[in-house]
Every structure is written in structure tokens, then in C-alpha cells.
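Enquirer: sequence plus predicted model, see below.
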Amino acid sequence: DSPKRQFDKNPLLFEKRLHDIIFPPSPPGGGADAAIAATAATGHNAIKVSCANCLLEIVPNGFVCISSQSKATVEFVKKLAQENQRDKIKHGIALHADHAEYLCTLQLKDLYEIQNQQRKKKRSKNKNVKDVRLVQNPVEKFLHSIREQGVPVPGPQSHDIKLGHHLASILALSRGKKHLTEESFIMVILMRKEKSNKIISEVDIPGGKRHLGEQTFDCARRETEEETSLVIDRTWISSGDERLFPQNQYYFALPPEGIMMESVVKDPFWTNTGKDSLE
């Protein structure tokens, strides 16, 4: 076969070859992670590779949406991630530079309100103060929700909310589907920064750009672990569908019952009271 035919048959193989040229595997065991670790150990900076968008025509990037109509289910996954984060810190494992400051459970319809009001704000910049106050309401609701989850909300600075690219994609995909949006909850990552005496809360879901030679699912799994400490196992996949939109892949994953029961035994939900009780 010609190189082009070989590429057409397995483009990821060519990406992997390029990857191994840039990051030579380190024997024994090898692998990109070992090579990067060896590079860092010698005092050199690790190389970061930015690729052309045309690579996404081969395999798209990945993100993970943790969502359910049951708030308790999303809270369960959030606690798993938080436990993993605490274990890393306990054992002296550094968190990834992109790791979330906070993990929160929010109602999907509240995120729609924020997005809709931000659009209205752009269209009504020159209108009266009453319109501006209406725009603030979803922000106040958001701040109340994260405060209840233990996230410090400093004042009296004004707040802005920035919805991330992956979260915006989920809102676009589910818009108009009431069975997905009316009562659904979603786990989000929250990052904070201060600019011009204003607190900006960046809200998104885990995801990012895939590495050379990396499959979409593996990209989503790696990014999720880096940003939330949640480890997703490929064996959790219950179904997959590539027909919804061209050049995109969708996987539906469920953790095994053993993990869920282990968590229930450690923290039985029926002993919880007040705001932690099941609704």
C-alpha cells in the first residue's frame, strides 16, 4: 500500500508515530508519560504540541457530561471525584495544573437562564437599569447554589459568570429537549479569577484537546481525571452512537453496581438529613 492508503486506513497510527518521534518511548515500559517524566527529570521543559484543526476531521476532541435527573446520582459522582482528590493530596501527588478549584452540582435549567440572560444583556446594553437588574437574578441564584455546596462567595465585589466551551456545547445539544432540561442536574468544574475588582466564575464540564494518536474516549477520560480526579473506566460504557451528528461520537457510561454500593455502605444516604437527603 502507498503511504496515503495506509494513512486512510489508520490515521491514528501515523499520529502515534509522530508522537513517538517527538516523545521517544523510554525503555523499559516506554510510553508517552514515561518519556515526559524522563524529560522533566533532566531539567528540560516538556514539549507541548499544538496541532492543526484538520486533525479533528480524523478524530474529534472529547468531553464528559455527568448528568442525571436524580440529584443524588450526580452528587454521588461528585463525591467520588472529591475522594480521589483528597487521596492524591494525602499521598503527595500533585494535582494537574488544570484541576478544578471546586466541583458543583447545578440544575441544567439554571444554566440556561444564565445563558439566556447573558444574551439579553448583550442586546440591551443601552436600556434602562431595570433590565440590568433582571440580568443579575440568575447570577444571584448561581451564587446561592454554590454557597450551599461550601464554595466561598466573597463580597461585595460584583460577579460575572463565564460559561465554558464544552458546557455551551451541551446546552446547545439539549436545548428544546424538555425531558433533558427541566429537572436534570449536571456536575460542573468551577475556576475563579479576579479582574478589575470583579469576581469571574468560569463554569465548564471536563474535556479538552486530544493528544497525538489518542482516541476521543481516551481523551475525555484523561481530561476528566486531570480536571476533576474522577477516573472513568472504559468498561463502564453501556452504549455508543456515532449517528447523531457526523464526525462525532457519543458514549453512555454507567459505573458498576459494586462501586455504587461500596459508596453507599461508607456513607449511607438514608442516614442523611436536611439538605443532604434525597428529594
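Expert: Perfect, I can see it now. Bear in mind that the values here come from a model prediction, so they are computed numbers and not experimental data. Numbers count the residues shown, from 1 in each chain.

Enquirer: which parts of the stretch 51-200 of the chain are helices?
Expert: 71-90, 108-123, 129-148, 165-174, 178-181 (DSSP state H, counting those that start in this stretch).

Enquirer: can you add mean neighbour count and mean pLDDT and give the ones you listed back as CSV?
Expert: Using the backbone N, CA and C atoms, a C-beta is placed for each residue, glycine as well. As requested, the helices of the stretch 51-200 of the chain are exported to CSV (neighbours: other CB atoms under 10 Å; pLDDT from 0 to 100):
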stretch, mean neighbour count, mean pLDDT
helix 71-90, 16, 93
helix 108-123, 15, 85
helix 129-148, 14, 72
helix 165-174, 17, 88
helix 178-181, 13, 64
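
Enquirer: reformat these as a markdown table; add distance to Asp98.
Expert: Formatted as a markdown table, those follow (distance: least, CB to CB, whole Å):
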| stretch | distance to Asp98 |
| --- | --- |
| helix 71-90 | 13 |
| helix 108-123 | 21 |
| helix 129-148 | 20 |
| helix 165-174 | 13 |
| helix 178-181 | 27 |
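
Enquirer: how about those helices, which one is nearest Glu202?
Expert: Set against Glu202 and scored by CB to CB, the helices of the stretch 51-200 of the chain come closest in helix 165-174, at 9.8 Å.

Enquirer: how about residues contacting that closest one?
Expert: 63, 65, 67, 108, 111-112, 115, 163, 180-181, 184, 186, 188, 203-207 (CB atoms under 8 Å, 6 or more residues apart in numbering).

Enquirer: what about Ile189, how many residues nearby?
Expert: Burial of Ile189 is recorded as 24 neighbouring residues (other CB atoms under 10 Å).

Enquirer: output the below-cut-off pLDDT ranges for this protein.
Expert: In the predicted model of the chain, residues 1, 26-57, 124-136, 156-157, 178-182, 238-279 satisfy pLDDT under 70.

Enquirer: let's go with 50 and repeat that
Expert: Where the chain drops to pLDDT under 50, the residues are 31-32, 34-45, 129-136, 242-246, 269-279.

Enquirer: mind listing the strands for it?
Expert: With strands called from DSSP state E, the chain shows them at 62-63, 67-68, 102-107, 158-163, 185-195, 198-204, 207-208, 237-241, 250-253.

Enquirer: tell me which other helices or strands the second one touches.
Expert: Right, the one you point to is strand 67-68. The contact analysis (3 or more CB pairs under 8 Å, 6 or more residues apart in numbering; DSSP states H and E) places strand 67-68 against strand 185-195.

Enquirer: returning to what we had before: out of the helices of the stretch 51-200 of the chain, flag the one nearest Gly155.
Expert: Closest among the helices of the stretch 51-200 of the chain, using CB to CB: helix 129-148, at 9.2 Å.

Enquirer: contacting residues for the residue lying closest to Ile146 once chain neighbours are set aside?
Expert: Spatially, and ignoring its direct neighbours in sequence, Ile146 is nearest to Cys104 (5.3 Å; CB to CB, 6 or more residues apart in numbering). Neighbour list for Cys104: Lys78, Ser145, Ile146, Gln149, Val151, Met187, Val188, Leu190 [criterion: CB under 8 Å, 6+ apart].

Enquirer: Asp160 and Ser70, how far apart?
Expert: 31 Å (CB to CB, to the nearest Å).

Enquirer: closest one to Val59 among the helices of the stretch 51-200 of the chain?
Expert: Closest to Val59 of those, according to CB to CB: helix 165-174, at 16.6 Å.

Enquirer: quick check: angle from that closest one to strand 198-204?
Expert: 60 degrees (axes from the mean of the first three to the mean of the last three CA atoms, to 10 degrees).

Enquirer: before I go, just wanted to say thanks for your time.
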